[in-house]
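Peer 1: need coordinates for the below:
(one chain, ligands or ions: 1)
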Amino acid sequence: MKNEKKKNSEVNKKLQDLDRNREDAQDQYLTTNQGVRINDNQNSLKAGDRGASLLEDFILREKITHFDHERIPERIVHARGSAAHGYFQVYESMEKFTKAGFLQDPTRKTPVFTRFSTVAGFKGSTDLARDVRGFSVKFYTDEGNYDLVGNNIPVFFIQDAIKFPDLIHAVKPEPHNEIPQAASAHDTFWDFVSLMPESMHMIMWAMSDRAIPRSLRMMEGFGVHTFRLVNKEGQGTFVKFHWKPLLGTHGVTWDEAQKISGNDPDFHRRDLWNAIDNGQFPEWELGVQLIPEEDEHKFDFDLLDATKLVPEELVPVKKIGKMVLNRNPNNFFAETEQVAFHPGHIVPGIDFTNDPLLQGRLFSYTDTQLKRLGGPNFHEIPINRPIAPVHNNQRDGHMRQEINKGQTSYQPNSLRGGCPFQAKIEEGGFDSYPEKIDAKKVRERSESFKDHFSQATLFFKSQTDVEQRHIIDAFSFELGKVGVSEVQERVLGLLNEVSGDLANKVAANLGVNVPRRKEQLNHGVPADFDPKRYEPSKSNPSLEKDPALSMMHKGFGNIATRKIAFLCAEGVEDASVQEMKKALENKGAMVKILGPNSTEIKTAEGKSLKIDEAFRTTASVVFDAFYIPSGNKAHKALSNIPKAIHFLNEAYKHCKPIASVQDKGLLDQTYFWKNLDKKNLIEDGIILGKDKSSEFIKAIGKHRFWKREEKDYIPA
Ligand code: HDD
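Peer 2: Got it, this is the predicted structure:
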């Protein structure tokens, strides 16, 4: 145990070194990059005080040159990202399945750096775009860095990496006018989808609320591919990786997402930052689905096909450990921007499979870092540096940091006694899993990859009515933005393969007919498109529904870190503010007091109450629930603020819980109040009356009151 403690503190120490954080302390002088102290940072050197600037001004030249070079190419995909440090700890030894050191010992904390991202938008794009979210974790293990580079969706659009550039070209802004930013609702994306039936499963996920998460802290993560665990005896087990957030998995509504994008494009980044800053550390459990090698061919899909998941109904997820993110980066560029993930960064005990999407990725990630980070030494950038010692004969290259001593940089050598040595397997040397391969070289897809619809259907059927409605709305919005009717029709044809009901409802919203199958395959399809190659061989799905695919099937209750707005004005009753605040904060929620402007106000009792934010500078969409404390004077004042009334109307439209001590005042100024069935307020998420904190907490725990959507009459 003592030894373990020592090891943990050594790891932390190594991480600190890795950070190479430099505080600019108070007592330090401003210097040039060469360490020369600067005496005047306000004026450039000139010939006379009104004269021309002089080229000899090395201080000016150095400063401007550095500035001119401060940007590096943004990531070609996943450019917009937010990250945090933390640690991972396994619950029990996984020795039976893997020899990976960081999965053996429950007392050991392995440092991690985790980056979340959107895929399509540029670096400065909005967080709330409808998009897949990247979920990358770098584990700094004692045996080297292990990167789990996944998404918040367990499947992928395409089966073979050779289609990746096409997929990304189709979804990125269109090349002639660079429109639209961070959005898939445009012609080229849906044109591509309409010709790629294999994308249908992931498209269903991308049109669900998973693609507009409430928070990065409330998303699941998936390794997507089937990987392989290998134990000491060399025995392999197929594995699918899952991250399960302890705060539950939640989305926002599409209307909200669009409004948040305007009000706070940094919504997710800010939310992650603030939660960690407040000490409310986000946590995920790492889950694994383990499949013995002998079961490889027992499923009605191929484990190597990244457009398929292994239903949790068939193979349960075993939770094996927990990740806690507990420290914000010190410098966005140095850490979040320069971190280089790679699915090929693996450690002994974890190995690849022949998934053709994964195999292609193994090439792409190094290649892209060479360009983005400027050369082959990107592993020396502090955030990418392993804590395991690095010894090899690789030398030189742009921006080399290490000063390798000695005469030899080759192997075998005798001049340095043969050092560095190869490690035997028992000494931790990596050995690839000896998979037997005996095949012809072909450019083909396996027959077992050809069912593109069964799991898309399973996904749709597994959703609640509310989730299905959101999917229908999302398709109707996205396809409604497509200007080419042939593309709309082809997609409807594919949707018809997933669910006739889905296709018909989307078609009705678009005012377009669902084509019959024959038309669908031939209508406007390019001459070199080979339908036979993609002809779906619809096998019998072995399951009708898998509840794990739905975000809403699980009860929820934890209100920790939820943001609650208190609508206040002069004359508010202090007790009704403080009691509710205390009750909510006891459950870990974050209370924000909103008021007419951001100064202090006087309560009915004459006390002063600090306002956190003015109505003018915020919006209802950035809060989870709303409370109006008592006080007739305050209610009168709030009733005269149109934004306060709008706040509540919009909150109601977005199905969020609303609590008010009294109905006379602000509540009866709203659009929705007069139409409400006053007998069933609680079922509608409206909590009315004094001392109702426990009812309000329960309501917040339900996240949303979706039944309200059926009415759809709120003009907010
Ligand atoms: Fe990728 C980045 C996830 C397929 C090529 N990818 C990138 C990131 C994530 C993923 C989360 C951002 C990493 C970060 O935060 O820095 N990518 C996936 C998943 C895939 C996938 C889950 C399928 C299962 N990717 C994929 C393919 C290719 C790429 C098939 C190319 C053949 N991905 C890249 C890239 C990126 C990248 C171009 C851009 C920036 C980077 O690598 O570092 O190489």
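Peer 1: just the element for the residue in the chain that the ligand sits nearest to, please.
Peer 2: With C-beta to the nearest ligand atom, the shortest gap between the chain and the ligand falls at G134, namely 2.7 Å. (Each C-beta comes from the backbone N, C-alpha and C, glycine too.) Using DSSP states H and E, G134 maps to strand 133-141.
Peer 1: check which helices and strands that strand sits against.
Peer 2: helix 2-19, strand 81-90, strand 110-118, strand 144-151, strand 221-222 (3 or more C-beta pairs under 8 Å, 6 or more residues apart in numbering; DSSP states H and E).
Peer 1: following the chain onward from the first one, which element is next?
Peer 2: Okay, so that is helix 2-19. helix 58-68.
Peer 1: strands along the stretch 551-700 of the chain, start to end?
Peer 2: 563-567, 590-595, 600-602, 608-610, 613-614, 625-628, 658-660, 686-688 (DSSP state E, counting those that start in this stretch).
Peer 1: need those strands in JSON lines with distance to the ligand, mean pLDDT and mean neighbour count, can you?
Peer 2: Below are the strands of the stretch 551-700 of the chain laid out as JSON lines (distance: least, C-beta to the nearest ligand atom, whole Å; pLDDT from 0 to 100; neighbours: other C-beta atoms under 10 Å):
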{"stretch": "strand 563-567", "distance to the ligand": "26", "mean pLDDT": "98", "mean neighbour count": "23"}
{"stretch": "strand 590-595", "distance to the ligand": "27", "mean pLDDT": "97", "mean neighbour count": "20"}
{"stretch": "strand 600-602", "distance to the ligand": "43", "mean pLDDT": "94", "mean neighbour count": "16"}
{"stretch": "strand 608-610", "distance to the ligand": "38", "mean pLDDT": "96", "mean neighbour count": "13"}
{"stretch": "strand 613-614", "distance to the ligand": "31", "mean pLDDT": "95", "mean neighbour count": "14"}
{"stretch": "strand 625-628", "distance to the ligand": "32", "mean pLDDT": "98", "mean neighbour count": "25"}
{"stretch": "strand 658-660", "distance to the ligand": "37", "mean pLDDT": "98", "mean neighbour count": "26"}
{"stretch": "strand 686-688", "distance to the ligand": "40", "mean pLDDT": "97", "mean neighbour count": "20"}
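Peer 1: okay, the ones you listed in CSV with distance to I162 next?
Peer 2: Conversion of the strands of the stretch 551-700 of the chain to CSV gives the following (distance: least, C-beta to C-beta, whole Å):
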stretch, distance to I162
strand 563-567, 44
strand 590-595, 47
strand 600-602, 63
strand 608-610, 59
strand 613-614, 50
strand 625-628, 48
strand 658-660, 52
strand 686-688, 54
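Peer 1: for R50, find the nearest of these.
Peer 2: strand 613-614 (45.8 Å; C-beta to C-beta).
Peer 1: tell me, what's the model's pLDDT at the residue lying closest to M219 once chain neighbours are set aside?
Peer 2: Leaving out its chain neighbours, the residue that sits closest to M219 by C-beta to C-beta, 6 or more residues apart in numbering is N152, at 4.3 Å. Per-residue pLDDT puts N152 at 98.
Peer 1: ok, now how distant is N152 from V224?
Peer 2: From N152 across to V224, the span is 10 Å (C-beta to C-beta, to the nearest Å).
Peer 1: neighbour-wise, which of these two wins?
Peer 2: Legend: neighbour count by other C-beta atoms under 10 Å for N152 and V224, higher for V224 (26 against 23).
Peer 1: quick one, what contacts F556?
Peer 2: G248, H250, G701, K702, H703 (C-beta atoms under 8 Å, 6 or more residues apart in numbering).
Peer 1: once you drop chain neighbours, what's closest to it?
Peer 2: Per C-beta to C-beta, 6+ apart, closest to F556 is G248, 4.9 Å.
Peer 1: which phi and psi does that neighbour have?
Peer 2: When read as degrees, to the nearest 10, the backbone of G248 gives phi 80, psi 170.
Peer 1: picking that back up, show the buried residues in the contacts of F556.
Peer 2: G248, H250, G701, H703 (16 or more other C-beta atoms under 10 Å).
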